[in-house]
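Asker: below: sequence and its predicted model.
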Amino acid sequence: MTPTMIDLRRKKGTHTSKLCRLGVRYGGFLFLAASLGACSSLPFPAFNLSPTYQPPQFVVPDSWEGTSDFVKAKPSDDALRPDWWKLYDDPILNSLIEQALAANPDLQAAAERFVQARYAMMKARSQYFPQIGFGFGGSNNRQSDETLFRAPGAPNSDTQVLMNGLASWEPDFWSKLRNAAQAKIYQAEERAADYGLARLILQAEVASNYFTLRGLDAQIAIYKQSIDLYNYSLNVVVTQFEGAIASNLDVARAESLLFATESKLALMQGERKVTEQAIAILLNLAPASFNLEPVDNLLAANFNLPKVVPSTLLERRPDIAAMERQMAQANRSIGIARAAFFPNISFRLGGGFEGVGLNLLSLANTFWSYGSAFSIPLFQGGYRRAQLQESWSIYRETENTYRSTVLNAFREVENNLVQTHWMTIAAKRQDAAVGAARTTQNLTMDLYKGGLATSLELIYAQLGTLTSSIDSVQIKTNLLKASVGLIRSLGGGWSRDLLPADNEIQPFDILQYSGLDKAAPIGVVPAGVIDVTVDPVERNDKNNNLTNRDRDDKSNTLTKPLVPNVDNSDRNDKNNLTKPLVPNVDNSGRNNKNNLTTPLVPYADNSGSNKNNNLTLPLVP
């Protein structure tokens, strides 16, 4: 029997420590595992099979067809303010939107979806690093003395102790794993854009509901004033009836008008309460704990928005950015489907100690294995081809959806430009109609008192004044809501620059094991709205308190007017929304060749390429 090196050293009296022998025995294993880890980060031959990605380049109009009195006549480099609601100069509206941004559960859920996408990217990225594991186990076994086929004199019990390690790695030669990780990065960026969209929708929803509420307040005030006037008219008619000047028919007509107006007032008050409760839900408050004091005056919006050039709209809409990121994900999926046609190669290394006693760390108890595997599917009944064609179809679907999203964005801007422009004109003419109706009402009342007009003429005059006044408030309310829609369609101050970069998506390092619950925010997108490091009781008190109790003074001010009612008589034409803020722009010289029905990008001649995988040819002539 050939003596081992350790036996020769023992014969010579050389002593080798167990720690030294352990280091020698595990040195090769650790070196190879470290080498595999280094290979995952070092450049090695890898081929990206995804098509070259280029977002569609659209041919868009040079300017908008519609005009609005809220938009400057000349283009401006000034961007729309992210806190655009402050343009309305209403402290109550400012407080409502700020509280909604801080407590709205839907917005918090959108932020958490972004957080989840960051960790999903980390999970996908971990697949192209070596997977290293360690195991330890032991067992004590005893057999019956009467066990069948047990050799005579053989021990009936044994003890086994096992300690082993395992490392495996799959080189990403065809960028399958990298494309999967990159697709998750794009998904996280999409979730960030979705968060921006949810934030903008919440702001616009609070503002629209608030203006609806204030419009109802103004209508309720008009109905109350009309009821007071109708009571006075009824007293006049009753006095004349008692003096045998007016008939019972005149009294019945006056009472009918009064009671019908009181009925409309009751309906309007119920509608106001419903709108108030809708605002409470957006603020994460129970409706019973929320109240906004009525304000009789509907204030005017007097501001100018910077004119956004149509070509920059694609960079200012979060929904367009989110859809473009979906298209980028679909492009990476094509590369993943193509990688299925190429072989898979993997390496595996394992080893450890196995013994029957406490003397586990000895050379005789070692075991190891290493190897590699090469596999390639030869026949799957068309599965891979179908998967590839499906990925191309998904890409074309996202491209078409992206184009539809862009067209819808242009439609929304044009619609709101047209609405704000014509509503401004309508509000101005309606104010004139209200003035004429009030003059008619006053003259008719004087004539009726003198016996020169009938009660029917008086009722018509009073009803005309009420209808004109209500229509004026409704037009101005719709104008305020249309201005909110215009700001929302222009992006509400959002910019594509707010999206996180690819290298900012990773929430933690691969060797980081502490501070995992304190991911830093990226731009305006929070890493997590709910701080998981806060005590659960404190967090529940903050987020689950649906009342105004125990909140700060800022929240409690929502139960009363934030500013006292002021005299607005010195405002421009008594808050007339109908006066054009800027002169109308002459659009006669605009380019009329802005038709989006023509090809949006010039198509290259790819007649020699694969017809099924060619996305550049028009689908229809």
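Answerer: All right, it came through fine.
Asker: the helices in this structure, which residues?
Answerer: Ranges of helices in the chain, per DSSP state H, are 5-11, 18-41, 91-103, 105-125, 176-242, 248-282, 318-339, 383-449, 455-489, 536-543, 553-556.
Asker: for Ser168, which of these is the nearest?
Answerer: When the helices of the chain are compared by CB to CB, helix 18-41 sits nearest Ser168, at 8.4 Å. (Glycine included, C-beta is placed from N, CA and C.)
Asker: circling back: now the helices of the chain in CSV, with mean pLDDT?
Answerer: As requested, these are exported to CSV (pLDDT from 0 to 100):
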stretch, mean pLDDT
helix 5-11, 39
helix 18-41, 45
helix 91-103, 94
helix 105-125, 92
helix 176-242, 93
helix 248-282, 93
helix 318-339, 95
helix 383-449, 93
helix 455-489, 92
helix 536-543, 54
helix 553-556, 42
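Asker: include mean neighbour count when you put those helices into TSV, please.
Answerer: Below are the helices of the chain laid out as TSV (neighbours: other CB atoms under 10 Å):
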stretch	mean neighbour count
helix 5-11	11
helix 18-41	14
helix 91-103	18
helix 105-125	18
helix 176-242	21
helix 248-282	16
helix 318-339	22
helix 383-449	17
helix 455-489	21
helix 536-543	12
helix 553-556	12
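Asker: so which of those helices comes closest to Gly350?
Answerer: Nearest to Gly350, of the helices of the chain and by CB to CB, is helix 18-41 at 8.6 Å.
Asker: looking at the helices of the chain, which is nearest to Ala364?
Answerer: helix 5-11 (10.0 Å).
Asker: so which of the helices of the chain gets nearest Ile510?
Answerer: Smallest distance to Ile510 across the helices of the chain (CB to CB): 8.2 Å, for helix 105-125.
Asker: chain center to the closest one: distance?
Answerer: The chain centroid and the centroid of helix 105-125 are separated by 11 Å under CA atoms, centre = their mean, to the nearest Å.
Asker: which elements pack onto it?
Answerer: helix 176-242 (3 or more CB pairs under 8 Å, 6 or more residues apart in numbering; DSSP states H and E).
Asker: okay, the angle between the helix it packs on and helix 383-449?
Answerer: Between helix 176-242 and helix 383-449, the angle comes out at 20 degrees (axes from the mean of the first three to the mean of the last three CA atoms, to 10 degrees).
Asker: so helix 176-242 versus helix 248-282, what angle?
Answerer: Put simply, helix 176-242 runs at 160 degrees to helix 248-282, going by the same axes, to 10 degrees.
Asker: let's have the chain start at 323 instead
Answerer: Sure, I'll start counting at 323 from here, so that last one is helix 498-564.
Asker: distance from the chain centre to helix 498-564, please.
Answerer: Counting by CA atoms, centre = their mean, helix 498-564 comes out at 20 Å from the chain centroid.
Asker: and that helix, what does it pack against?
Answerer: Using 3+ CB pairs under 8 Å, 6+ apart, the elements in contact with helix 498-564 are helix 413-425, helix 427-447, helix 570-604, helix 640-661, helix 705-771, helix 777-811.
Asker: that helix to helix 413-425, inter-axis angle?
Answerer: Relative orientation of helix 498-564 versus helix 413-425 (the same axes, to 10 degrees): 150 degrees.
Asker: contacts only, for Leu522.
Answerer: If you count contacts by CB atoms under 8 Å, 6 or more residues apart in numbering, Leu522 has them with Pro640, Arg810, Gly813, Gly814, Trp816.
Asker: rerun at 7 Å
Answerer: Residues in contact with Leu522 (CB atoms under 7 Å, 6 or more residues apart in numbering) are Pro640, Arg810, Gly814, Trp816.
Asker: would you format the helices of the chain as JSON lines with distance to Pro373 included?
Answerer: Listed next are the helices of the chain as JSON lines, based on distance: least, CB to CB, whole Å:
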{"stretch": "helix 327-333", "distance to Pro373": "58"}
{"stretch": "helix 340-363", "distance to Pro373": "25"}
{"stretch": "helix 413-425", "distance to Pro373": "40"}
{"stretch": "helix 427-447", "distance to Pro373": "20"}
{"stretch": "helix 498-564", "distance to Pro373": "11"}
{"stretch": "helix 570-604", "distance to Pro373": "43"}
{"stretch": "helix 640-661", "distance to Pro373": "6"}
{"stretch": "helix 705-771", "distance to Pro373": "8"}
{"stretch": "helix 777-811", "distance to Pro373": "33"}
{"stretch": "helix 858-865", "distance to Pro373": "45"}
{"stretch": "helix 875-878", "distance to Pro373": "52"}
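Asker: right, so of those helices, which gets closest to Val631?
Answerer: Across the helices of the chain, Val631 has its closest neighbour in helix 705-771 (11.2 Å, CB to CB).
Asker: helices or strands next to that closest one in the packing?
Answerer: Judged by 3 or more CB pairs under 7 Å, 6 or more residues apart in numbering; DSSP states H and E, helix 705-771 is in contact with helix 640-661, helix 777-811.
Asker: what's the closest of the helices of the chain to Gly475?
Answerer: With CB to CB as the measure, helix 327-333 is the member of these nearest Gly475 (29.3 Å).
Asker: for Asn478, find the nearest of the helices of the chain.
Answerer: Closest to Asn478 of these is helix 340-363 (CB to CB; 31.2 Å).
Asker: give the contact list for Thr720.
Answerer: Gln648, Met649, Ala652.
Asker: going by distance to Leu820, which of those residues wins?
Answerer: Taking CB to CB as the measure, Gln648 is the one of the contacts of Thr720 closest to Leu820, at 18.0 Å.
Asker: list the contacts for the closest one?
Answerer: Neighbouring residues of Gln648 by CB under 7 Å, 6+ apart: Glu512, Thr720.
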